[in-house]
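**Student:** Dropping the sequence and predicted coords here.
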Amino acid sequence: MSDLTDTREFGQPLILALGHPLCRDDGVGLHILRELEQVCSPFTDCLAGGQELLCRLKHLTYRPVLIILDAIDGGYPPGTAIRLVISGDDLLETLSLDTAHSHGSNLGLALALIRQSGVRLPTVVIYGVQPANMALGDQLTPDIAQAAGFLARQLMIDRPWNNVTCLSSAVWLNRDQIT
């Protein structure tokens, strides 16, 4: 475990895709990552985290920015695209209170372990899509596939690895998404 005075340098920002690839829309983050990985690799590290983050904890540590791609159930119409900008500390508190989050225990526990080791938590930008269908299958539903393409383009416009302080949280309904 690291000392509280740990002075290791922070690495590149990390794009982390969450979700289950065989639960249709729950795999939206993994689909977005496949679209972005080659374009973003000069600026970020990319990791398909799936649903198990604890075995990838070393990849989450010492990051200035953590960019998460995931399905998010925010009660919006299916296909709604969401960008949340939050400090790692605030996200950790939110996850510990939100028992309905499908990755809450793993992501929350991973962030808690990082903080416990004395490492400053990163700024987090979450790009998510309100899912429609979480049943077995490996294809996204049409609205979610459209929103995934929109978020991939939006992420390249935002470039959160450069200057996350210029971003704010946002919600784009299907009709607001530029195709």
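**Tutor:** Happy to help now that I have it. These numbers were taken from a predicted model, which means no experiment stands behind them.
**Student:** three-state assignment of Ile32?
**Tutor:** helix (DSSP: H, G, I helix; E, B strand; the rest coil).
**Student:** What distance do you get for the residue lying closest to it once chain neighbours are set aside to Arg115?
**Tutor:** Nearest residue to Ile32 in three dimensions, chain neighbours excluded: Leu69, at 4.6 Å (CB to CB, 6 or more residues apart in numbering). Glycine gets a C-beta too; all of them are placed from N, C-alpha and C. Counting by CB to CB, to the nearest Å, the gap from Leu69 to Arg115 is 22 Å.
**Student:** in the protein, which spans are helices?
**Tutor:** 28-40, 57-60, 88-97, 104-116, 142-158 (DSSP state H).
**Student:** which one of these lies closest to Thr123?
**Tutor:** Closest approach to Thr123 among those is made by helix 88-97 (6.8 Å; CB to CB).
**Student:** what comes up buried for that closest one?
**Tutor:** By neighbour count with 16 or more other CB atoms under 10 Å, helix 88-97 contains the buried residues Gly88, Leu91, Leu92, Leu95.
**Student:** what's near enough to touch the residue nearest the centre of the chain?
**Tutor:** In the chain, the residue lying closest to the centroid (CA atoms, centre = their mean) is Ile68, at 1.2 Å. Going by CB atoms under 8 Å, 6 or more residues apart in numbering, Ile68 touches Leu16, Ala17, Leu18, Gly29, Leu107, Val124, Val125, Ile126, Tyr127, Gly128.
**Student:** Pipe the residues you listed into a markdown table and attach distance to Phe150, neighbour count and pLDDT per row.
**Tutor:** Shown next, in a markdown table, are the contacts of Ile68 (distance: CB to CB, whole Å; neighbours: other CB atoms under 10 Å; pLDDT from 0 to 100):
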| residue | distance to Phe150 | neighbour count | pLDDT |
| --- | --- | --- | --- |
| Leu16 | 19 | 28 | 93 |
| Ala17 | 16 | 25 | 93 |
| Leu18 | 18 | 28 | 91 |
| Gly29 | 14 | 30 | 94 |
| Leu107 | 24 | 25 | 79 |
| Val124 | 20 | 24 | 90 |
| Val125 | 16 | 23 | 93 |
| Ile126 | 15 | 20 | 92 |
| Tyr127 | 10 | 29 | 96 |
| Gly128 | 12 | 25 | 94 |
